[in-house]
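Novice: fold the stuff below for me.
(one chain, ligands or ions: 1)
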Amino acid sequence: MAADDAGTESHGQLADRFNAYFTGALTMNLVYIGDQLGLYGALKKLGKATSADLAESCLLGERWVREWLYQQASAKLLETDAEAKLFWMTEAQQDVLANEDGHDGSPHFLGGVAQQVVSISPALPKIMEAFRTGMGLKYDDYGPGLAVGVRRELNVWVRHSMLATFCKIPGLKDSLEVGVMVADIGCGCGEGLLTLAQAFPKSTFHGYDTSAHALAEAKQRLQEMGVTNAVFINPDEAPLPNEGRYDFMYTVDAVHDMAHPDQVLRGIRGCLREGARYLICDVNSRDSPAENIKEMPGVAAAAYGISTHVCLSSGLSEEGGMGLGTMGLTEPVVRRLAFDAGFGKFQKLHDFGRPDMNYFLLEA
Ligand SMILES: C[S@@+](CC[C@H](N)C(=O)[O-])C[C@H]1O[C@@H](n2cnc3c(N)ncnc32)[C@H](O)[C@@H]1O
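Specialist: The predicted structure follows:
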């Protein structure tokens, strides 16, 4: 439905759409339950199963598992037979709900999205308070679940596409192979940085993030993976150095979350070597909210939704915060931030990586 049609919608049509949102909210909670209790993984292993089979394999109460199966089959996230006795998953359902990592890890996995939705719900009273005071919440105010949910969502791209995407930047792969200094600003749980560090052992990688929860995850992953050419740093404790140290810097899905992206970009410019590059990967949005709402209402409803819960909140979590919001890092905004920070060259990269992301390459 185009935004212009909204005025002509009947009560019935509006109620149908409202009910779809109601069902969607409940379904996200039940996907989270299935994900955390291992129900999807177990059903995939069992193939076709009754509620008793699945309950037994997960050591759960059969009646609860049966009701969950009825809901998931109604929501078409699982399949069932004519009597609703046997349940199973198609290949696509396995990819989206069960195949997170390992040899069958899928680029379509979405379990991390449900974890994010559920982990932000307990913060609703604080978010309502933010509407009153104007001051938003920091990432850590949501607890460790949000950092893990973000990691699980973005990891899908990291595992399946990130290296190939970055290696499209002319000359980058060669210099990483020779050995250079790289920094990821807003690295979250660090999976992207660790992936690069493993692929390019002669280079050195520094991951900066202000979230203690994310950094704790990142440091644990670093140990598990046995990576020795990466470190993680909280810039609130050890700010970016005021000297040309790095040969390549990048930020994935985090500039729009920053309260003071202008200051951060100035800091990045200050610690890049002359001629070095900074890649910004951020949410693809049109140049104005009106265009977002009109041209991609489905994407915009989700993006402004996550923004009000998390991204805008993070961007307003410090005094004088810019509060860009999830869809606020438009090309004109990046151009202005880059120019003000003293970058000499600015380029928007087209047909570069994920279509839901914009890629901007800045040169010091
Ligand atoms: C959506 S997450 C993206 C994380 C990571 N880039 C990834 O791909 O998984 C945004 C991150 O930006 C971090 N962040 C927000 N403001 C920051 C700042 N001023 N400096 C560094 N990190 C910041 C948050 O703590 C959060 O981990």
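Novice: which residue packs closest to the residue in the stretch 1-150 of the chain that the ligand sits nearest to, ignoring adjacent ones?
Specialist: Per Cβ to the nearest ligand atom, residue 139 is where the stretch 1-150 of the chain lies closest to the ligand, at 3.8 Å. Quick note: C-beta positions are derived from backbone N, CA and C, even for glycine. Excluding the flanking residues, the one nearest residue 139 by Cβ to Cβ, 6 or more residues apart in numbering is residue 211, at 4.3 Å.
Novice: hang on, the earlier thing: the residue of the stretch 1-150 of the chain closest to the ligand touches residue 314, doesn't it?
Specialist: Yes. With contact defined as Cβ atoms under 8 Å, residue 139 counts as touching residue 314 (5.8 Å).
Novice: shared neighbours, these two?
Specialist: residue 257 (Cβ atoms under 8 Å, 6 or more residues apart in numbering).
Novice: from residue 67, how far off is residue 85?
Specialist: Look at residue 85 and residue 67: by Cβ to Cβ, to the nearest Å, they are 14 Å apart.
Novice: run a quick neighbour tally on residue 245.
Specialist: For residue 245, the neighbour count with other Cβ atoms under 10 Å is 17.
Novice: thinking again about what came up before, residue 139 and residue 314 - which one has more neighbours?
Specialist: A direct count of neighbours by other Cβ under 10 Å for residue 139 and residue 314 places residue 314 higher, at 27 against 24.
Novice: ok, the more buried one to residue 253 distance?
Specialist: Residue 314 is 12 Å from residue 253, by Cβ to Cβ.
Novice: quick one, strands of the stretch 151-300 of the chain?
Specialist: 181-185, 204-208, 230-233, 246-252, 272-283 (DSSP state E, counting those that start in this stretch).
Novice: isn't residue 334 right next to residue 281, touching?
Specialist: No. Using Cβ under 8 Å, residue 334 is not in contact with residue 281, being 11.3 Å away.
Novice: so what sits against both of those two?
Specialist: Joint contacts of residue 334 and residue 281 (Cβ under 8 Å, 6+ apart) are residue 358.
Novice: point to the helix or strand of this protein where mean pLDDT is at its lowest.
Specialist: helix 144-157 (a mean of 89; mean pLDDT, DSSP states H and E).
Novice: next, the buried residues of stretch 183-198.
Specialist: Buried residues in stretch 183-198, counting neighbours by 16 or more other Cβ atoms under 10 Å, are found at 183-197.
Novice: now do stretch 337-356
Specialist: Buried, per 16+ other Cβ under 10 Å, within stretch 337-356: 337, 338, 341, 343, 346, 349, 352, 353.
Novice: quick one: residues contacting residue 68.
Specialist: Taking Cβ under 8 Å, 6+ apart, one finds 30, 33, 34, 39 in contact with residue 68.
Novice: on the three-state scheme, it is what?
Specialist: Following DSSP: H, G, I helix; E, B strand; the rest coil, the label given to residue 68 is helix.
Novice: any idea how far the residue of the chain found nearest the ligand lies from residue 134?
Specialist: Across the chain, no residue is closer to the ligand than residue 188, which sits at 2.6 Å (Cβ to the nearest ligand atom). Counting by Cβ to Cβ, the separation of residue 188 from residue 134 is 26 Å.
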